[in-house]
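Asks: Show me the folded form of this:
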Amino acid sequence: MDMWMMAPLGTAAVAIGAGVLTYNRLQALDQRCDTAFADIDVQLKHRHNLIPQIVQTVKSFAGQEKGILDGVVAARGKALAARSQEEQLAAEWSLGRQLTQLMSVVESYPQLQSSAHFTELRREISDVENKIAAARRFLNLAVDEYNATLRQFPGNMLARAFGMSRRRGYDLGVERVLIDDPAPLAL
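Replies: Here you go, the predicted model:
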């Protein structure tokens, strides 16, 4: 074979190699996103398991807050029934808002706050929320890396060819951030 035949074959081999490497990277990043979402899901299930205990404890001290308690129970039901990641993210955002509202109502019941059982439940919820936040950061980093690879060449071409699409991160929403943060922003 002469030199003129080797050049196109070498170029084709390099292009195919780059395509295979990029495809494998996209698959690995996609799997990392799924794993990160599963980590969040584990913590969300733990939070779901704590909610009936919190509702029951609050009900025993503050039964007149039925509307808020019913809202938490309904939001938990929607979160448990969600099937897709999009549905789950929306339902969990709503559940988080309901829990935040419930915890703000609890502030007006000192006897409830002094209950050892409620204090332990509140500590557990806080711990779970911190774990969810850490897992959410990991998911968002994985999603960002996956989406960036989809936008780069040759990933963009492979994504179109194999039907890969951008992923959505786990966004808490501006309202949740403002509700959860009691301290005013310093400008």
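Asks: hey, where'd the helices end up in the protein?
Replies: Remark: helices assigned in the chain by DSSP state H are 3-61, 66-81, 85-106, 110-113, 116-151, 155-162, 174-180.
Asks: okay, the ones you listed, which one's buried deepest?
Replies: Counting by mean count of other C-beta atoms under 10 Å, helix 85-106 has the highest mean neighbour count of these, with a mean of 18. Backbone N, C-alpha and C define where each C-beta goes, glycine included.
Asks: for that one, packing partners?
Replies: helix 3-61, helix 66-81, helix 116-151, helix 174-180 (3 or more C-beta pairs under 8 Å, 6 or more residues apart in numbering; DSSP states H and E).
Asks: Can you lay out those as a markdown table showing mean pLDDT and distance to Tyr109?
Replies: Shown next, in a markdown table, are the helices and strands packed on helix 85-106 (pLDDT from 0 to 100; distance: least, C-beta to C-beta, whole Å):
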| stretch | mean pLDDT | distance to Tyr109 |
| --- | --- | --- |
| helix 3-61 | 91 | 5 |
| helix 66-81 | 93 | 12 |
| helix 116-151 | 93 | 9 |
| helix 174-180 | 39 | 19 |
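Asks: For these, give me a markdown table that also has distance to Ala91.
Replies: Shown next, in a markdown table, are the helices and strands packed on helix 85-106 (distance: least, C-beta to C-beta, whole Å):
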| stretch | distance to Ala91 |
| --- | --- |
| helix 3-61 | 10 |
| helix 66-81 | 4 |
| helix 116-151 | 14 |
| helix 174-180 | 13 |
